[in-house]
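Trainee: no sequence on this one, just coordinates:
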């Protein structure tokens, strides 16, 4: 434990010493403050802490429209900033850590400590995850305060973003680490991570589309030659892509899981819904189909299969790390 804490502190010092850490942390805080700058008055709403104002009878302080608007903005922040932009910045920032750590002058002191190479590798990996955890935590604290301040709701559910975004980052970062440890170079690892992430996104997009066609071809207006024929064809291809996705990390579904866990108040007094239900309600059969796509897998399946993939990647990276001559 003492060695772990020493390496953890060392990782924190390394992150603090990197200019990019402070740049990305500042960007996260600015985005959260931009959200905080949206507010409401008795006759409308404003942006930039009052720099731009608009009169609106529907969206004003205390109205259901104000709550709906503010939570909708939050949902988009979850969908774009936490799921994409923050993770991209974290990958760029953390990609050099293992190559720098494995240089001849840097790794000598850690190797002299009474700890195995495998343990040293995993301690260092956990230290890297602190980067994205701190970024998301700072963002969520400001958003938590903003939601309470602007619409009078304490919503601790926003903090589900901290572990889930960290997990999503770790799935992709494990691929970066494998290539970075093998090549001792930053760029190949980073390119491999982004390419793999794009591949996973494409497979998830295809799988979701086939699921929608298989379960709701009538709603989507898919052509049929005979009753039931189109559904069967789409179902067959959906099962193929589902099998492929089982072996891959679920980055997109982890984001959806976050939206399922964050609860918001709805127009019905005293009622609560998750972000997915809140954004798909009112769209009839298409909304129900979209919700079905987003909620069809359990949290155990999403996280369990993703962690299984990550374990394989980390096992491979640790094996390469331990067998190298330093």
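Mentor: All right, it came through fine. Just so we're clear, the structure is a prediction, and the values are computed from it rather than from any experiment.
Trainee: Please count neighbours and contacts with C-alpha atoms only from this point.
Mentor: Will do.
Trainee: Tally up the residues packed near residue 90, please.
Mentor: 24 (other C-alpha atoms under 10 Å).
Trainee: ugh, wrong one, I meant residue 296
Mentor: Neighbour tally, residue 296, other C-alpha under 10 Å: 10.
Trainee: Quick check: phi and psi on it?
Mentor: phi -70, psi -20 (degrees, to the nearest 10).
Trainee: Return the distance of it relative to residue 204.
Mentor: Distance from residue 296 to residue 204, counting by C-alpha to C-alpha, to the nearest Å: 13 Å.
Trainee: Got the confidence number for residue 265?
Mentor: pLDDT recorded at residue 265 is 60.
Trainee: likewise residue 13?
Mentor: The confidence metric pLDDT takes the value 68 at residue 13.
Trainee: Could you do residue 51 as well?
Mentor: Looking at residue 51, its pLDDT reads 85.
Trainee: And for the one 5 residues further on?
Mentor: Per-residue pLDDT puts residue 56 at 80.
Trainee: For it, the count of nearby residues, please.
Mentor: Neighbours of residue 56 using other C-alpha under 10 Å come to 15.
Trainee: What separation do you get for it and residue 147?
Mentor: Residue 56 sits 20 Å away from residue 147, taking C-alpha to C-alpha as the criterion.
Trainee: what do you get for residue 136?
Mentor: According to C-alpha to C-alpha, residue 136 and residue 147 sit 16 Å apart.
Trainee: So which of these two has more stuff around it?
Mentor: Comparing residue 136 with residue 147 by neighbour count (other C-alpha under 10 Å), the higher total belongs to residue 136, at 25 against 20.
Trainee: Now do the same contact list for that one.
Mentor: Contacts for residue 136 (C-alpha atoms under 8 Å, 6 or more residues apart in numbering) come out as 28, 82, 86, 161-162, 165.
Trainee: so which one among those has the lowest pLDDT?
Mentor: Minimum pLDDT across the contacts of residue 136 falls on residue 82, with 79.
Trainee: Strands of the stretch 51-200 of the chain, residue ranges please.
Mentor: All strands of the stretch 51-200 of the chain, identified by DSSP state E, counting those that start in this stretch, fall at 52-55.
Trainee: Number of residues surrounding the nearest residue to residue 62 once chain neighbours are set aside?
Mentor: The spatially closest residue to residue 62, leaving aside those adjacent along the chain, is residue 151, at 7.0 Å (C-alpha to C-alpha, 6 or more residues apart in numbering). Residue 151: 19 surrounding residues under other C-alpha under 10 Å.
Trainee: ok so, going back, can you redo the contacts of residue 136 as a markdown table with neighbour count and distance to residue 261?
Mentor: As requested, the contacts of residue 136 are exported to a markdown table (neighbours: other C-alpha atoms under 10 Å; distance: C-alpha to C-alpha, whole Å):
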| residue | neighbour count | distance to residue 261 |
| --- | --- | --- |
| 28 | 24 | 22 |
| 82 | 25 | 15 |
| 86 | 21 | 20 |
| 161 | 25 | 9 |
| 162 | 20 | 12 |
| 165 | 23 | 13 |
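Trainee: contacting residues for the nearest residue to residue 172 once chain neighbours are set aside?
Mentor: Closest residue to residue 172 apart from its sequence neighbours, by C-alpha to C-alpha, 6+ apart: residue 193 at 5.8 Å. Shown in contact with residue 193 (C-alpha under 8 Å, 6+ apart): 172-173, 175-176.
Trainee: now swap in residue 57 and tell me
Mentor: Applying C-alpha under 8 Å, 6+ apart, we find residue 57 in contact with 43-44.
Trainee: now it: how far from residue 71?
Mentor: 18 Å.
Trainee: can you check residue 191 too?
Mentor: For residue 191, the distance to residue 71 (C-alpha to C-alpha) stands at 35 Å.
Trainee: Compare those two (neighbour count), which wins?
Mentor: Applying other C-alpha under 10 Å to residue 191 and residue 71 shows that residue 71 carries more neighbours, namely 20 against 15.
Trainee: What does the pLDDT read for the more buried one?
Mentor: Listed pLDDT for residue 71 reads 74.
Trainee: And for residue 202?
Mentor: Reading off the model, residue 202 has pLDDT 95.
Trainee: Helices of the protein, start to end?
Mentor: Secondary structure of the chain (DSSP state H): helices at 2-17, 19-36, 64-77, 86-94, 97-101, 104-111, 117-151, 161-183, 186-220, 229-246, 251-261, 275-280, 284-295, 299-323.
Trainee: Thanks a lot, see you next time.
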